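Fold the following and give me the result.
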Amino acid sequence: MGQIINRKNISEFVANLHKAGKTVVTTNGCFDILHVGHVRYLQKSKSFADYLMVLLNSDKSVKSIKGDDRPINNEMDRAELLCALNCVDFVVLFDESSPASLLDEIKPDVYTKGADYTMDTLPERDIMIKNKTKVEFIDFVQGKSTTNIINKINSKE
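Prediction:
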């Protein structure tokens, strides 16, 4: 079972994992209504390293990105659900709209992002290059998204 890690000591926490010879892969997202697309993405992410650390947008961050009617599930519920997945080792919440500064603190071995990005369009590109982090792009599961779920629910009303 995964655990929620406080951001305050994150660089020291990851440095200790690295000292123990372990590798860390990170990814980030809102993971608002958990669905099979999320699970497959996270399982694939975990395959790239010893530990998967999910950088989770806080409620404040989700609202700034997706609007006042989101998130559907609060940050602690979303974090707990992620921690319940076998593939997730750690969850770290962040308030910013981008995980860039947190990624710079963590300096993961690998960073995963959806295949709708490329190295040229990756917002965190400069930090990945600076810290020599390998980037892996993962294909989405067709038709599986939180937005699709919300739209389906709303169409039933």
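
partner residues bridging the most centrally placed residue in the chain?
With distances taken as C-alpha atoms, centre = their mean, the chain has Asn28 as the residue nearest its mean C-alpha position (2.0 Å). Asn28 has the following beta-bridge partners by DSSP bridges: Leu55.

Buried residues in stretch 112-129, which are they?
Neighbour-count burial for stretch 112-129 flags 112-113, 122, 124, 127-128 (criterion: 16 or more other C-beta atoms under 10 Å). Every C-beta, even on glycine, is put in place using the N, C-alpha and C of the backbone.

And these, which is closest to Lys8?
Nearest to Lys8 among these is Ile127, at 19.8 Å by C-beta to C-beta.

Thought Leu103 was touching that closest one, still the case?
Yes. Contact status for Ile127 versus Leu103: in contact at 5.3 Å, counting by C-beta atoms under 8 Å.

which one is His65 nearest to, not counting chain neighbours?
One correction, residue 65 is Ile, not His. Distances taken as C-beta to C-beta, 6 or more residues apart in numbering place Ser97 nearest to Ile65, at 5.6 Å, with adjacent residues excluded.

what is the nearest residue to Asn6 once chain neighbours are set aside paired to in the beta sheet?
Spatially, and ignoring its direct neighbours in sequence, Asn6 is nearest to Val92 (8.0 Å; C-beta to C-beta, 6+ apart). Beta bridges link Val92 to Leu55, judged by DSSP bridges.

Could you report the distance from Val92 to Asp116?
Note on Val92: its distance to Asp116, by C-beta to C-beta, to the nearest Å, is 23 Å.

same thing with Tyr51?
Taking C-beta to C-beta, one finds Tyr51 at 25 Å from Asp116.

Equivalent analysis for Asp89, please.
Taking C-beta to C-beta, one finds Asp89 at 25 Å from Asp116.

now swap in Ile10 and tell me
Distance of Ile10 to Asp116, given as C-beta to C-beta: 27 Å.

likewise Phe48?
In this view, Phe48 and Asp116 are 19 Å apart by C-beta to C-beta.

And the strands in the protein, which stretches?
Using DSSP state E, the strands of the chain run over residues 3-4, 24-29, 51-57, 90-94, 110-114, 134-138.
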